[in-house]
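*Asks:* this is the structure alone, sequence omitted:
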């Protein structure tokens, strides 16, 4: 059984007495300003996730080859943006299409190139390292501790599997390797098909891990008490209205509540509750190897935890200095600003270093049999000869959002 959390009870009782007066967000419009650097960070990983899924699928077969026809039905599941054949042809230094020898009338097959296999071996060395496995297990423990019951359904964990850097066989490996951390459980409800929903449960609460990134940084900076502040990094050209700046100053003075505490007793539309919601999203992004994830992932986790989408939308909209929402690669991606300097991660996780090597190989094409860097069609800094078109582009780079736009 997951033991009850005693730490923080006195603090929460203090909050109930101290914050009887509920403040609300000022009636102002917060503009969204496009951040080209963070958009680049998101766009850089375009097609990486389906490519790695295809790599693992091919390697899972004894022959380490697959008929292309068998991949096509998996296109939606693997999130392949084009036909399987077109996708394979786009990356000639990763995939090789061939006809199996000594098999007349055989269908085209695909296999991995020696360059890709070499990178895969390097990745295996990282994933099998004890230090990495402990790191990923502890980050998964923290994710479970954010949930009030200390457990999450497997479908939600699988949703963050790529962002957490979990091994593809994490259920059969981490459960055996860390039996004092995790156990498989019945979530107590059924899915739409009537099947029992399984989940991962925390065996015991870990006080040593229930410390947020914000709290660690505050301790390193010598800050004491509950007046812990979030790092705010507004992009160039981003001007907040004076009343918004004043509201933010007061908001920062509110006590910081750890995402590992249960603060659902707070009035949902209060500023204190919003600060806790920001803390939860901030810690979630901090647990991920790339410090970003699709906005829908945040919402689906929030739905399960009981936050509600309007509440999380407000948290993302009201604090553009903490979070950035990119519209690149046909989705919306939430990025933790403080973890990036321009388009690069500040502290590169070992798995992200490995993924960057895959990206470098993806950006190579063959020219007269020799690898060359892929030339992008839309280069950075290109301008339009029409001032009207330029203005239209600028208009697309910024818009405003008010609380009335959040449903």
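*Replies:* Thanks, I have it. Just so it is clear, the structure is predicted and the values come from calculations on it, not from any experiment. Residues are numbered from 1 along each chain as shown.
*Asks:* so where do the helices sit in the stretch 1-150 of the chain?
*Replies:* Secondary structure of the stretch 1-150 of the chain (DSSP state H, counting those that start in this stretch): helices at 9-18, 36-43, 48-59, 68-71, 75-78, 84-90, 114-127, 130-146.
*Asks:* pLDDT wise, what is residue 182 at?
*Replies:* With respect to pLDDT, residue 182 scores 94.
*Asks:* returning to that earlier point: tell me which of the helices of the stretch 1-150 of the chain sits nearest to residue 262.
*Replies:* Closest of the helices of the stretch 1-150 of the chain to residue 262 is helix 9-18, at 8.2 Å (criterion: Cβ to Cβ). To be clear about C-beta, it is placed using only N, CA and C from the backbone, and glycine gets the same treatment.
*Asks:* next, residue 187: phi, psi?
*Replies:* phi -70, psi -10 (degrees, to the nearest 10).
*Asks:* burial measure for it, as a count.
*Replies:* The tally of other residues near residue 187 (other Cβ atoms under 10 Å) stands at 20.
*Asks:* please list the outside residues in contact with the helix or strand containing residue 301.
*Replies:* According to DSSP states H and E, residue 301 maps onto helix 295-305. Contact with helix 295-305 is made by 146-148, 152-153, 156, 159-160, 163, 280-281, 284, 308-309, 311-312, 316, 325, 331-334, as judged by Cβ atoms under 8 Å, 6 or more residues apart in numbering.
*Asks:* what do you get if the cut-off is 10 Å, keeping everything else the same?
*Replies:* 143, 146-149, 152-153, 155-157, 159-160, 162-163, 187, 264, 277, 280-281, 284-285, 288, 293-294, 307-309, 311-313, 315-316, 323, 325-327, 331-334 (Cβ atoms under 10 Å, 6 or more residues apart in numbering).
*Asks:* name the residues of it that are buried.
*Replies:* 295, 297, 298, 299, 300, 301, 302, 305 (16 or more other Cβ atoms under 10 Å).
*Asks:* can you give me the pLDDT of the second one?
*Replies:* The one in question is residue 297. Looking at residue 297, the pLDDT reads 96.
*Asks:* circling back: which stretch among the helices of the stretch 1-150 of the chain comes nearest residue 257?
*Replies:* Comparing the helices of the stretch 1-150 of the chain by Cβ to Cβ, helix 9-18 comes nearest, at 7.3 Å.
*Asks:* what about the stretch 301-407 of the chain, any weak spots by pLDDT?
*Replies:* Counting by pLDDT under 70, the ranges of the stretch 301-407 of the chain that qualify are 365-407.
*Asks:* now with 50, please.
*Replies:* 368, 376-396, 398-407 (pLDDT under 50).
*Asks:* show the residue spans covered by the helices in it.
*Replies:* So, for the stretch 301-407 of the chain - with DSSP H, counting those that start in this stretch - the helices run 309-318, 350-362, 387-396.
*Asks:* quote the end-to-end distance of stretch 107-114.
*Replies:* Terminal residues of stretch 107-114 are spaced 22 Å apart (Cα to Cα, to the nearest Å).
*Asks:* for the chain, where's the lowest mean pLDDT among helices and strands?
*Replies:* helix 9-18 (a mean of 42; mean pLDDT, DSSP states H and E).
*Asks:* next one: stretch 315-322 to chain centre, how far?
*Replies:* With Cα atoms, centre = their mean, to the nearest Å as the basis, stretch 315-322 stands 16 Å off its chain's centre.
*Asks:* that should have said stretch 32-43, apologies.
*Replies:* For stretch 32-43, the distance to the chain centre is 15 Å (Cα atoms, centre = their mean).
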